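Enquirer: The sequence and its predicted three-dimensional model are supplied below.
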Amino acid sequence: MQIGKYPRVRISTIPTPLEELPRFSAAVGGPRILMKRDDLTGLGMGGNKARQLEFIMGEAVARGSDAAITCGAGQSNHVRQVAAAAAKLGMKCYLVLGPAVKTEMQGNILLNRIYGAELIWVDTNDIDAQYAEMEKVAAKVEKEGFKPYIIPRGGASVQASVAYANCVIETMTQLNEMRIEANVWLQATGTTATQAGVVVGARWWLRPDFRVIGLSVGRKRVDLLPKLVGHANRAAESLGAPFRFEEDQLTILEDYVGEGYGVPTPGCLEAIQLMARTEGIMLDPVYSGKAVYGLMDLVEKGVLTKDDTVVYLHTGGVPAVFAYDKELVSGLGL
Ligand SMILES: Cc1ncc(COP(=O)(O)O)c(C=O)c1O
């Protein structure tokens, strides 16, 4: 893989641990489960975007930028990690946020302010409206004498996928050292850029039996699959890979979304509690809680059995727990 050709800044704490979850596995009566702890990537309280920002901010710095602009939902983890990365690199940071739900000064929003980012609320989740606002901010910032760099929503970019192709290589090396053969990879999927990198990395490792399953946290499978193929093929091309993907080679499940993005399901809350009480590991109510509940359900349905060895990628998101105190307290009877 031609990872070395991408500009990069070393701002996260990687490699992250690969940790066995024996008590959680026993509690669900399931397969051997290992967790890739990308909630522990360090920068800005961790998460998958910190690993990706090594390459995204690497590109920004290479272009001479001194002001990062991005957008997302109010409790977006991506924007929080951009705020931290900008702080670490001495850049200005502008975050276009919407819609106006969960706007209390809590969780990621509070952290964004502490990291020194400027918040611009747009009261819409419409991607075109958020991009139009980012362009306006960029023009203003440029007039003030800075060089802005616009980061796509969720950080979804070739750089993001390249970071996760690299993460698979890191994980496979750890598995080899531990003398463990895993055959399934599970993770939460939002923009699909992370999963795209994972499928490229897994295919590169020449493991045709290795199944990568993305669990949607908001959108329908039919909307996500073309995006996943697009991100995966752009990353494969950029990395010089001798393969491309079709939709029917990739897996996204939409069964664990519930009412929609950012609305925790009862299963999601159950998963958060079980992981906390068996392994002392915190999940989050928007991404990892839904995905781990998906893992539990796939075991319950017999799709994953004791013969499987699963790697679950913990993509972080934990600071959002503090913005969902009411849902957690009432849903779990705490
Ligand atoms: C905690 C967490 N997990 C998973 C994801 C999904 O990653 P992607 O957008 O690359 O699919 C995100 C994206 O924001 C996230 O914040």
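Expert: On my side now, so go ahead.

Enquirer: tell me which parts of the chain are close to the ligand?
Expert: Residues of the chain lying near the ligand by CB under 6 Å from any ligand atom: 47-48, 77-78, 154, 188-195, 284, 287, 315-317. To be clear about C-beta, it is placed using only N, CA and C from the backbone, and glycine gets the same treatment.

Enquirer: In helices, which of those residues appear?
Expert: If you go by DSSP state H, the residues of the chain next to the ligand have 48, 77-78, 193-195 in helices.

Enquirer: Just among those residues, which is most surrounded?
Expert: Within those, residue 48 tops the neighbour count with 33 neighbours, counted by other CB atoms under 10 Å.

Enquirer: Enumerate every residue touching that residue.
Expert: By CB atoms under 8 Å, 6 or more residues apart in numbering, the contact list for residue 48 reads 38, 41, 164, 194, 313, 315-316.

Enquirer: Just flag the most distant two among the residues you listed.
Expert: 164 and 316 (13.2 Å; CB to CB).

Enquirer: wait, which of the contacts of residue 48 is closest to residue 212?
Expert: The closest of the contacts of residue 48, once distances to residue 212 are taken by CB to CB, is residue 313, at 9.6 Å.

Enquirer: distance of the nearest residue to residue 154 once chain neighbours are set aside from residue 18?
Expert: In space, and not counting its chain neighbours, residue 154 is closest to residue 191: 3.8 Å by CB to CB, 6 or more residues apart in numbering. Distance from residue 191 to residue 18, counting by CB to CB, to the nearest Å: 24 Å.

Enquirer: What's the local residue count around the closest residue to residue 133 other than its chain neighbours?
Expert: Nearest residue to residue 133 in three dimensions, chain neighbours excluded: residue 96, at 4.7 Å (CB to CB, 6+ apart). When counting by other CB under 10 Å, one arrives at 25 neighbours for residue 96.

Enquirer: so residue 96, which of the three states?
Expert: At residue 96, secondary structure determined by DSSP: H, G, I helix; E, B strand; the rest coil is strand.

Enquirer: and it, what does it touch?
Expert: Contacts of residue 96 (CB under 8 Å, 6+ apart): 69-72, 120, 122, 130, 133-134, 137.

Enquirer: What is the most widely separated pair among these?
Expert: 72 and 137 (13.8 Å).

Enquirer: about what we covered before: just send the ones in helices among the residues of the chain next to the ligand back as TSV, with pLDDT too.
Expert: Formatted as TSV, these follow (pLDDT from 0 to 100):
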residue	pLDDT
48	98
77	97
78	98
193	98
194	98
195	98
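
Enquirer: farthest pair in those?
Expert: Among these, 77 and 195 lie farthest apart (CB to CB), at 15.9 Å.

Enquirer: what's near enough to touch the closest residue to the ligand within the stretch 1-150 of the chain?
Expert: Across the stretch 1-150 of the chain, no residue is closer to the ligand than residue 77, which sits at 3.3 Å (CB to the nearest ligand atom). Residue 77 is in contact with 47, 49, 108, 284, 286-287, 316-317, 319-320, counting by CB under 8 Å, 6+ apart.

Enquirer: Kindly reformat those residues as JSON lines containing pLDDT.
Expert: What follows is these, written out as JSON lines (pLDDT from 0 to 100):
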{"residue": "47", "pLDDT": "98"}
{"residue": "49", "pLDDT": "98"}
{"residue": "108", "pLDDT": "96"}
{"residue": "284", "pLDDT": "98"}
{"residue": "286", "pLDDT": "97"}
{"residue": "287", "pLDDT": "98"}
{"residue": "316", "pLDDT": "98"}
{"residue": "317", "pLDDT": "97"}
{"residue": "319", "pLDDT": "96"}
{"residue": "320", "pLDDT": "94"}
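
Enquirer: Many thanks, I have nothing further to ask.
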